[in-house]
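Trainee: below: sequence and its predicted model.
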Amino acid sequence: MVKKIHKILILLLSVLLCAAMTSCITFARAFMDALGTQSIDDREYVYGDENVIGITFEDGEMYAEWDYTDGVDYTLNVKTGDKTESYDKNDEGFTVGKTSLTDLGYTYWQDITLSLDATERSLMGKSTKTESYNYKALDAETYDKYTKTVKAGFKDVDYYIANRSEWFDFWSYLIIFRENCQYDDGCYELQSTIYMAYDYGSLYHTSDIEKAFACEVYSAIDAYEDSAAYNYSFDIDETGKIGTIYLKFLYDVNPRYTTASGSEYTNAIDASETVHYNISVPAEERTFAIDSVTNTAQVSSSDQLYYTLKKGYRPIPVKGSNADYLYNEMRSILAEIISDSDGEATKAHYIYDYIVNTVVYDYDFTEEIYTDDEVAVSELFRYRCLYMEGVFGLGDNGEFDDGSRVAICDGLSKAYLSLARIEGMECIKISGTAGGEGHAWNKIKVNGVWYMVDTTWGNSLEKETGKEYLSHEYLLVPDDSAHVETSYITYPDARSRYYFGPYIDNGQSGGDKIIRPWFPGSYRDPHYSA
């Protein structure tokens, strides 16, 4: 028997409104809780160890998947009944981090116990750590229903939730793609039924499976990296395995409103800082790394475009949609400011300079619109500054307006990731806080090393003149104490500051490690060639 949660829970997620190097604002208009879990001291906030190893499905195929570290030797032991087989790097079909159990001859209807031996060698000798995972067999009906991929085509997103990472990702997918969403009486409504395969109940100090699932729903909400407002409720059966999520949205996926910030504030540079990209006639043919990506997903909104690029898929925009206009615009911009011969540091640099130099922070939204209690929640999420529409000045009917290029950190960090991903660079969007308030920024991998990038803080506002002055202080730098990452997700550490040379000051005076790439293919800005 399914037990229905008796309340509709109303939530407005924290919107990332971090202003340019000054203040941050977070709002939460309404939060109604059920089951008495409003103040849960024992709720798990840390991205847990349950993701060390597990069994998951991708496009219906069964995989053993685990977190791995370079330089560590792994042996995968698979037990079915009384039989145990071991696989390592010397065996055909074995892949570190994600091995197809289907290819190795295992099936979903078997009970399987995995154990993973991770052996690390050092001057002190070698040490081995073992992790294990128990998989409970599925019947054919459950397999067919829950391991099918979502409609958008992501092979690694299905209704079988194998671990917490998949749970967070599935929640994001529902919010952004709104699968099977129906329009009814001014609202967009959807429901989706899932199979919770991992032991989320063990994360909480309670024997009440409803309360544990409620906590895990709240954790997915807290871990969501972007901005959204919706009503939601859920069901969970007595086993804690079969759950149904209900979402109701009060706003359309295409934002409509723009503030006056574009006319009230202007971008500026001073004598010590300058923009380093050049707008040039695009090459007749640019080679974009994204075009060689095999996996695709159809997209229509800007957030769908961003999510698809974030996951490493090639977007197929619906013709005439905002995603279509933005994707073509981003490719045109990259063709103007970057060439195929530019290295990774140059690309990361020019994308940073372009965004910082062409987009104004939306002070009107944070200081006027957000603080107006008469503005409905649904109206707030129609402003373009939250999305990539604001970054690139996309208005109605595919028209772009440079005077409307205003955004806050959520839109800015989505745009930086999207441009970098089109160029084939590893880039992620970071969710967290700055000064105790919500903020978003990026990390990007350059020549095998992760660096922090904050295009929002790449501007400093001079209030008397309304000018935003460009700074490289947050271009390819290490993590700092001002940026606090969410504890739900394990992001790669940024430990170094990239050395561009004397022409670009990205705050090299600190005591942190500086990467000076004195090797072939290292950074060489053509504008500073001797």
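Mentor: Here it is on my side, so go on. Residues are numbered from 1 along each chain as shown.

Trainee: where does the stretch 201-350 of the chain have low pLDDT?
Mentor: Counting by pLDDT under 70, the stretch 201-350 of the chain shows low-confidence ranges at 282-284.

Trainee: buried ones in the helix or strand hosting A323?
Mentor: Assignment of secondary structure by DSSP states H and E places A323 within helix 322-337. Across helix 322-337, burial judged by 16 or more other Cβ atoms under 10 Å covers 322-327, 329-331, 333-337. The way it works is simple: take the backbone N, C-alpha and C, and place the C-beta from them, glycine included.

Trainee: I444: which of the residues you listed is nearest?
Mentor: Closest approach to I444 among those (Cβ to Cβ): L334, at 14.7 Å.

Trainee: tell me the contacts of the closest residue to Y383 other than its chain neighbours?
Mentor: Spatial nearest neighbour of Y383, chain neighbours left out: Y257 (4.6 Å); criterion: Cβ to Cβ, 6 or more residues apart in numbering. Taking Cβ atoms under 8 Å, 6 or more residues apart in numbering as the definition of contact, the neighbours of Y257 are E379, R382, Y383, R384.

Trainee: against V359, how distant is Y257?
Mentor: 17 Å (Cβ to Cβ, to the nearest Å).

Trainee: kindly report the same for H349.
Mentor: As judged by Cβ to Cβ, H349 and V359 stand 16 Å apart.

Trainee: helices of the stretch 101-250 of the chain, residue ranges please.
Mentor: Residue ranges of the helices in the stretch 101-250 of the chain, as given by DSSP state H, counting those that start in this stretch, are 140-146, 164-177, 209-223.

Trainee: let me have these in JSON lines, adding mean neighbour count and distance to L470 as columns.
Mentor: Rendered in JSON lines, the data for the helices of the stretch 101-250 of the chain read as follows (neighbours: other Cβ atoms under 10 Å; distance: least, Cβ to Cβ, whole Å):
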{"stretch": "helix 140-146", "mean neighbour count": "14", "distance to L470": "50"}
{"stretch": "helix 164-177", "mean neighbour count": "22", "distance to L470": "31"}
{"stretch": "helix 209-223", "mean neighbour count": "21", "distance to L470": "33"}
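
Trainee: just give the nearest non-adjacent residue to R286, would you?
Mentor: Using Cβ to Cβ, 6+ apart and skipping residues adjacent in sequence, the residue nearest R286 is A335, 4.5 Å away.

Trainee: partner residues bridging S192?
Mentor: As for beta bridges, S192 partners with I245 under DSSP bridges.

Trainee: what pLDDT is listed against it?
Mentor: pLDDT for S192: 96.

Trainee: and if you look at A376?
Mentor: We have a pLDDT of 83 for A376.

Trainee: so who does it touch?
Mentor: With contact set as Cβ under 8 Å, 6+ apart, A376 has these partners: L250.

Trainee: now with 10 Å?
Mentor: With contacts taken as Cβ atoms under 10 Å, 6 or more residues apart in numbering, A376 has the following neighbours: R29, A229, L250, Y251, R382.

Trainee: ok, which pair from the residues you listed is furthest apart?
Mentor: Of all pairs drawn from those, the one with the largest separation by Cβ to Cβ is R29 and R382; the distance is 14.8 Å.

Trainee: more crowded one of those two?
Mentor: Neighbours were counted for R29 and for R382 using other Cβ atoms under 10 Å; R382 has more, 16 against 13.
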